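here are the coordinates; sequence isn't available:
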């Protein structure tokens, strides 16, 4: 930003945030009478969260359907099955409860319950048709029970076509409203806490580094970055620390919103390629695997923004721009290690050096906008170098 650039600010979703806010859902008015609840988490089924929601919804609705066929990497087939059930039953309101997979699946269902064809017809990259939706998706209420994707704060659904091995972000619509209650995240185990929170951290960092960054997005990106930097290790170490859970949820929500105000970067495109090719790669884990090599390449070429991020985190105060960038990379590696994420490797998921050419091609195939929004535009040689280093480390 030069200080004179023009930009757009738009976050129309109503987000209610804080400990215990799910209780307020009891008093809310639904934007429809025929409701589909979309979920997939066994944990929230077992701990009673889904039953708690059902008891709140049933007195207000004519019909309540529970669709619980959500995949860890939400699939096109699951979206289309849910949409068909919604269409057949005249559903006019969707509630997504669970992690980012449940919310993204719910976004896809809300869109395809009222639009013709396949969701892939409306995908702008890969083998998608690039069409625009002619009908506004059904109103969607989001209730996240994890802290990572921040899907409640933007209009993107990340969906995988398992037959084509394509994982792509698809623009649908903003949620009607969301209830972000940190108390719902207390049961997340340490590894998932770390991987999900790392995803949120990457959202904030990438949005700050993006060429689409602007003064509004910078405020949210840095707020989320600082909250996650301080509090994610605490939530990882002690999952019952409600203060830590509060600030990790806050950072996740900031990360979700700032993706719309700014953008993710090529790191997210590379990860989508990885988990599209092999669904055993979790999103946060995949980002952790490529993190050091990706940011080393970017910081080497455009250190300024990394130096500004270092300033925000009080790292390498008084040093030169290059020294700040280099120190930030080292500190971020150490921070990632404190979350137990330095033991994740591409080779553990069957990737090897012979796959690199195919992987680079696939990055471009599913790429879309984020691949064009790094301040330093990665070449194919750069992509190959990042992937090879991520296999070796």
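Received, thanks. Just so you know, these numbers come straight off a predicted model, no measurement behind them.

what about the helices in the stretch 251-393 of the chain?
Residue ranges of the helices in the stretch 251-393 of the chain, as given by DSSP state H, counting those that start in this stretch, are 266-277, 283-301, 303-312, 321-338, 356-366, 380-392.

what sits up against the shortest one?
Okay, so that is helix 303-312. Outside helix 303-312, the residues within contact range by C-beta atoms under 8 Å, 6 or more residues apart in numbering are 205, 208-209, 213, 222, 225-226, 295, 298-299, 316-317, 321-322, 324-329, 331, 375. (C-beta placed from N, C-alpha, C; glycine too.)

circling back: export the helices of the stretch 251-393 of the chain as CSV, with columns for distance to residue 59 and mean neighbour count.
Below are the helices of the stretch 251-393 of the chain laid out as CSV (distance: least, C-beta to C-beta, whole Å; neighbours: other C-beta atoms under 10 Å):
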stretch, distance to residue 59, mean neighbour count
helix 266-277, 40, 26
helix 283-301, 36, 23
helix 303-312, 47, 20
helix 321-338, 46, 17
helix 356-366, 44, 18
helix 380-392, 51, 18
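
Per the annotation, how does this structure divide into domains?
What automatic domain parsing lists as the domains of the chain is 14-185, 190-392.

Dump those domains to TSV, plus mean pLDDT.
Listed next are the domains of the chain as TSV, based on pLDDT from 0 to 100:
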stretch	mean pLDDT
domain 14-185	95
domain 190-392	96
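
Closest to the centroid, which residue in this protein?
In the chain, the centroid-proximal residue (C-alpha atoms, centre = their mean) is residue 149; its distance is 2.9 Å.

For the residue lying closest to that one once chain neighbours are set aside, grab phi and psi.
Spatial nearest neighbour of residue 149, chain neighbours left out: residue 100 (2.8 Å); criterion: C-beta to C-beta, 6 or more residues apart in numbering. Dihedral pair for residue 100: phi -60, psi -30, per degrees, to the nearest 10.

Look at residue 100 and say how many residues are nearby.
Neighbourhood size, residue 100 [other C-beta atoms under 10 Å]: 28.

For it, which residues are in contact?
Counting by C-beta under 8 Å, 6+ apart, residue 100 makes contact with 144, 146, 148-151, 158, 196, 199, 283.

what do you get for residue 153?
Applying C-beta under 8 Å, 6+ apart, one finds that residue 153 lies in contact with 11, 13, 15, 178, 253-257, 259-260.

Longest helix in the protein, by number of residues?
If you go by DSSP state H, the chain has its longest helix at helix 215-237.

from the middle of its chain, how far away would that helix be?
Relative to its chain's centre, helix 215-237 lies at 15 Å (C-alpha atoms, centre = their mean, to the nearest Å).

Kindly report the same for stretch 298-310.
On the basis of C-alpha atoms, centre = their mean, stretch 298-310 sits 23 Å off its chain's mean C-alpha point.
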